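In: Sequence and predicted structure below; questions after.
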Amino acid sequence: MNDFENAKRGRGGCHADPNSSEQGANAPSSKQNNFGADLAENVRALKELLPAEDILVYEFAAGDGTACAAVYADGITDKQLLGELAARPLAEGDAPETLEACRKRMLFPEVKEAEDVAGAAEEILAGNPALLIDGMRGALVLGTKKVSLRAVAEPQTAIAIKGPREGFIEDVKTNMGLIRRRLKTPALRFVTLTVGRYSKTSVALAYLSGVASEARVKEIEARLAAADIDGVPDSSYIARILARRPHSLFKQAGTTEKPDILCAKMLEGRIAVLADGSPIALTLPYMLAEDFQSAQDYFVSPYRATVSRVLRLLAVLASLLLPALYVAAQLFRLRLIPFGLLLIVSGGIRAIPLSPGLEMFFLLAVLEVLVEASVRMPKYVALALSVIGALVLGDTAVKAGLVSSPAIIIVAIAGISAYTVPDLTGTLSLVRILFVVAAGSIGPYGVVLLAALLLWYLVSADSYGVPLLAPFAPLVSHDLRDALIKADLSSLAERPRTLRGKNRRRLRLCAGGSLPPRQGEQGEGSPRRPAEEEGAPTPQKTAGRKEAGGEKGGAGAGEPSSPQTDKKNEEARDG
């Protein structure tokens with residue numbers, strides 16, 4: 001156990017000997033590790049707990065000569081703000097005697113008290129210095145954290161032709177601000193936790209109160225609080241901590257780098273998880289259908305979005321099954337191939353030394369090597385790599401008789417098709433190899449059996465109570481409107497029922513299922529009010545008039561209306 005944890009538990013770091021007469025009553029308490037009134041002892045306790053060379057002590061004096069000190073971490077603390085907003089106000093007057101008086105003298109918007117050494121040390125490591133004054137018990141933590149950050153820009157992994165172009169960065173506070181800017185509601189809640197024994201990574205849960213399930217929020221918070229790990233360099237570690245099936249082949253948490261996509265998922269009832277140091281946000285619960293959706297689907301026509309989603313599904317099926325079916329057809333069922341295409345394939349595979357299974361496995365391995373090399377090579381070398389892969393390896397291998405042209409075409413189609421769903425590319429590559437092995441061993445029956453096993457695996461998987469294949473298995477007809485088929489906005493008046501959130505309705509429609517009119521179309525910028533507010537006859541008013549007419553014995557409003565009156569009433573109701 002390190003000194004920091006010992007100090008938090010009250011038995012290490014700044015331990016004081018109760019039998020020592022040199023430290024006296026002004027020394028930090030040995031049982032609770034609280035700050036005393038002696039400045040030198042307080043600074044010594046912090047330096048014993050934080051002995052690193054980048055932990056510096058800025059010493060200065062107040063206006064009456066009282067010694068003051070600020071302990072800070074060099075490189076992540078704004079020293080200019082520390083001098084102007086902390087040291088200067090103290091140097092212009094007498095030293096305060098209490099933390100409350102010192103707080104009022106500070107010009108910082110973020111100031112909080114720290115009475116124990118361990119709490120102050122944790123804030124110092126986060127970039128917030130601890131201000132100590134001789135004769136004052138406790139310390140003030142000043143919010144002068146300074147971290148070099150990159151600008152908010154469009155993420156390279158989610159480039160959109162239409163729609164917002166902002167992306168998350170590596171600072172969790174900035175990411176929380178991007179969410180708050182889009183969801184200006186008191187229902188937006190953030191729960192901040194610290195994960196990692198050494199990294200002390202800030203992790204934030206974001207959700208909409210009244211929309212997301214409170215039980216899921218508490219379960220996720222409990223899992224993060226119980227995590228015992230050295231450090232969290234990226235949100236992918238958080239995804240593994242939150243996964244109920246850690247050895248699953250498929251991911252169990254949605255990922256995104258765009259605030260607009262994250263806010264849209266939160267409006268549906270999902271919970272977002274942000275980790276400091278990572279631009280990738282997690283969303284829970286996760287459904288496999290999410291990866292077949294794109295942010296651009298909501299900025300184009302519903303018909304175009306539906307066609308795009310169907311194309312993505314067909315591309316994924318081609319990426320998985322096309323190489324396996326090609327191998328199975330060559331080995332076991334040549335009649336599966338049309339006769340004209342069979343003549344071309346048979347002419348291409350003649351004199352090939354490798355069996356169809358080994359040939360396909362070799363080409364898939366070469367494809368994976370080229371992908372890995374292109375990702376890690378400098379971008380200026382990537383062009384040369386593509387030329388080598390396409391011309392030298394491909395054309396030369398065919399001319400040398402090592403592989404056939406149809407096999408190269410099949411592998412190229414399968415590799416390109418996998419990138420229509422970028423978040424599933426790694427999983428598709430592994431499953432594709434399994435299908436090729438099954439096809440080369442058993443033939444078409446192996447492909448069918450493996451497909452059935454894969455479907456059983458997906459049907460049995462879930463993410464925090466939501467099936468992975470929802471809304472298809474189990475079938476939720478209401479949620480099919482925004483799954484493979486993209487319905488119009490007026491058809492999405494309710495949130496997905498699969499998530500089982502509290503508030504189901506997200507859109508109010510006018511009579512007839514149409515959207516409310518735009519502001520300004522009816523003068524006051526609001527939908528036409530009901531008929532009773534516009535003076536048109538209603539059943540209640542008509543009954544009242546009939547009753548009044550009966551009492552007076554006349555033929556007033558209680559008499560049957562004329563056809564002209566009925567026509568005017570219908571026009572008023574239709575609005």
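Out: Happy to help now that I have it. Here the structure is a predicted model, which means the values were calculated and not measured. Numbering: from 1, shown residues only.

In: Now do the longest helix along the chain, average pLDDT.
Out: As assigned by DSSP state H, the longest helix anywhere in the chain is helix 302-331. Helix 302-331 carries an average pLDDT of 90.

In: now do stretch 61-73
Out: The average pLDDT for stretch 61-73 rounds to 89.

In: now for the longest helix of the chain, which elements pack on it?
Out: Packed against helix 302-331 by the contact rule (3 or more C-beta pairs under 8 Å, 6 or more residues apart in numbering; DSSP states H and E) you find helix 356-376, helix 405-418, helix 425-441, helix 444-460. In short, each C-beta sits where N, CA and C put it, glycine included.

In: now the ones you listed in CSV, with mean neighbour count and mean pLDDT?
Out: Shown next, in CSV, are these (neighbours: other C-beta atoms under 10 Å; pLDDT from 0 to 100):
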stretch, mean neighbour count, mean pLDDT
helix 356-376, 16, 85
helix 405-418, 19, 88
helix 425-441, 19, 91
helix 444-460, 15, 91
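
In: To I179, which of the ones you listed lies closest?
Out: I179 lies closest to helix 425-441 among the helices and strands packed on helix 302-331, at 27.3 Å (C-beta to C-beta).

In: the inter-axis angle of the closest one versus helix 302-331?
Out: Per axes from the mean of the first three to the mean of the last three C-alpha atoms, to 10 degrees, the angle that helix 425-441 makes with helix 302-331 is 30 degrees.

In: From the contact counts, what lies against helix 425-441?
Out: helix 302-331, helix 356-376, helix 405-418, helix 444-460.

In: Show me the strands in the stretch 151-300 of the chain, by range?
Out: Applying DSSP state E, counting those that start in this stretch to the stretch 151-300 of the chain gives strands spanning 188-195, 201-208, 254-256, 271-275, 281-284.

In: What are the contacting residues of the third one?
Out: I take that to be strand 254-256. 158, 235, 239, 262, 265, 270, 280-284, 286, 290-291, 423 (C-beta atoms under 8 Å, 6 or more residues apart in numbering).

In: Determine which two of these are furthest apart.
Out: Largest separation among those by C-beta to C-beta: A158 and L284, giving 19.1 Å.

In: Of these two, which one has the most company?
Out: Neighbour count, other C-beta atoms under 10 Å: between A158 and L284, L284 has more, with 25 against 19.

In: Please determine how far that one is located from T255.
Out: L284 sits 11 Å away from T255, going by C-beta to C-beta, to the nearest Å.

In: Same question for V310.
Out: Going from V310 to T255 by C-beta to C-beta gives 23 Å.

In: Neighbour count: the two, which is higher?
Out: The residue with more neighbours, out of V310 and T255, is T255; 20 against 13, by other C-beta under 10 Å.

In: beta partners of the more buried one?
Out: Applying DSSP bridges to T255 gives these bridge partners: L282.

In: and stretch 84-99, how far apart are its ends?
Out: 19 Å (C-alpha to C-alpha, to the nearest Å).

In: Which parts of the stretch 151-300 of the chain are helices?
Out: Here the stretch 151-300 of the chain has its helices, by DSSP state H, counting those that start in this stretch, at 172-182, 214-225, 235-242, 259-268.

In: Turn these into JSON lines, columns for distance to R497 and mean pLDDT.
Out: JSON lines is the format used below for the helices of the stretch 151-300 of the chain (distance: least, C-beta to C-beta, whole Å; pLDDT from 0 to 100):
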{"stretch": "helix 172-182", "distance to R497": "24", "mean pLDDT": "92"}
{"stretch": "helix 214-225", "distance to R497": "15", "mean pLDDT": "92"}
{"stretch": "helix 235-242", "distance to R497": "23", "mean pLDDT": "92"}
{"stretch": "helix 259-268", "distance to R497": "11", "mean pLDDT": "92"}
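
In: Neighbours of P471, how many?
Out: P471, neighbours per other C-beta under 10 Å, totals 22.

In: how much space between it and P496?
Out: Relative to P496, P471 is positioned 7 Å away (C-beta to C-beta).

In: what touches both of those two?
Out: Contacts common to P471 and P496, judged by C-beta under 8 Å, 6+ apart, are H478, D479.

In: Show me which positions of stretch 222-234 end up buried.
Out: L224, A227, V232 (16 or more other C-beta atoms under 10 Å).

In: Let's see the distance spanning that stretch from one end to the other.
Out: Across stretch 222-234, first to last residue, C-alpha to C-alpha, it's 19 Å.

In: List the contacts of that stretch.
Out: For stretch 222-234, the surrounding residues in contact (C-beta under 8 Å, 6+ apart) are 193, 195-199, 201, 203, 205, 237-238, 241-242, 275, 277-278, 280.

In: Per the annotation, how does the chain divide into domains?
Out: 3-142, 172-298, 308-460 (automatic domain parsing).

In: Any idea which of these gets closest to L489?
Out: Proximity to L489 (C-beta to C-beta) singles out domain 172-298 among the domains of the chain, at 8.8 Å.

In: Can you dump the C-alpha atoms of stretch 360-377 in PDB for me?
Out: Extracted in PDB, the C-alpha atoms of stretch 360-377 (Å, rounded to 0.1, in the frame of the first residue of the first chain):
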ATOM      1  CA  MET A 360      -8.700 -17.900 -48.900                       C
ATOM      2  CA  PHE A 361      -7.100 -18.000 -45.500                       C
ATOM      3  CA  PHE A 362      -3.800 -16.800 -47.000                       C
ATOM      4  CA  LEU A 363      -5.500 -13.900 -48.700                       C
ATOM      5  CA  LEU A 364      -7.400 -12.900 -45.600                       C
ATOM      6  CA  ALA A 365      -4.200 -12.900 -43.600                       C
ATOM      7  CA  VAL A 366      -2.500 -10.700 -46.200                       C
ATOM      8  CA  LEU A 367      -5.500  -8.300 -46.000                       C
ATOM      9  CA  GLU A 368      -5.200  -8.000 -42.300                       C
ATOM     10  CA  VAL A 369      -1.500  -7.400 -42.500                       C
ATOM     11  CA  LEU A 370      -2.000  -4.600 -45.000                       C
ATOM     12  CA  VAL A 371      -4.700  -3.000 -42.800                       C
ATOM     13  CA  GLU A 372      -2.500  -3.100 -39.700                       C
ATOM     14  CA  ALA A 373       0.500  -1.700 -41.600                       C
ATOM     15  CA  SER A 374      -1.600   1.100 -43.200                       C
ATOM     16  CA  VAL A 375      -3.000   2.200 -39.800                       C
ATOM     17  CA  ARG A 376       0.500   2.400 -38.200                       C
ATOM     18  CA  MET A 377       2.500   3.700 -41.100                       C
END
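
In: Which member of the buried residues of stretch 222-234 is positioned nearest E122?
Out: Proximity of these to E122 (C-beta to C-beta) peaks at V232, which lies at 15.8 Å.

In: Chain neighbours aside, what residue packs nearest to the closest one?
Out: Once flanking residues are discounted, V232 sits nearest to T201: 4.1 Å by C-beta to C-beta, 6 or more residues apart in numbering.

In: On the strand side of things, show who the one you found bridges to.
Out: With DSSP bridges as the criterion, T201 is bridged to V195.

In: E170 is in contact with that one, correct?
Out: No: the pair T201 / E170 is not scored as a contact, 11.4 Å apart, by C-beta atoms under 8 Å.

In: Between those two, which contacts overlap?
Out: D276, G277.

In: more neighbours, these two?
Out: Of the pair T201 and E170, T201 is the one with more neighbours under other C-beta under 10 Å, namely 22 against 16.

In: What are the buried residues along stretch 396-405?
Out: A397, V398, V403, S404, S405.

In: Dump the residues you listed to a markdown table, plus distance to L49.
Out: A markdown table is the format used below for these (distance: C-beta to C-beta, whole Å):
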| residue | distance to L49 |
| --- | --- |
| A397 | 63 |
| V398 | 67 |
| V403 | 64 |
| S404 | 68 |
| S405 | 69 |
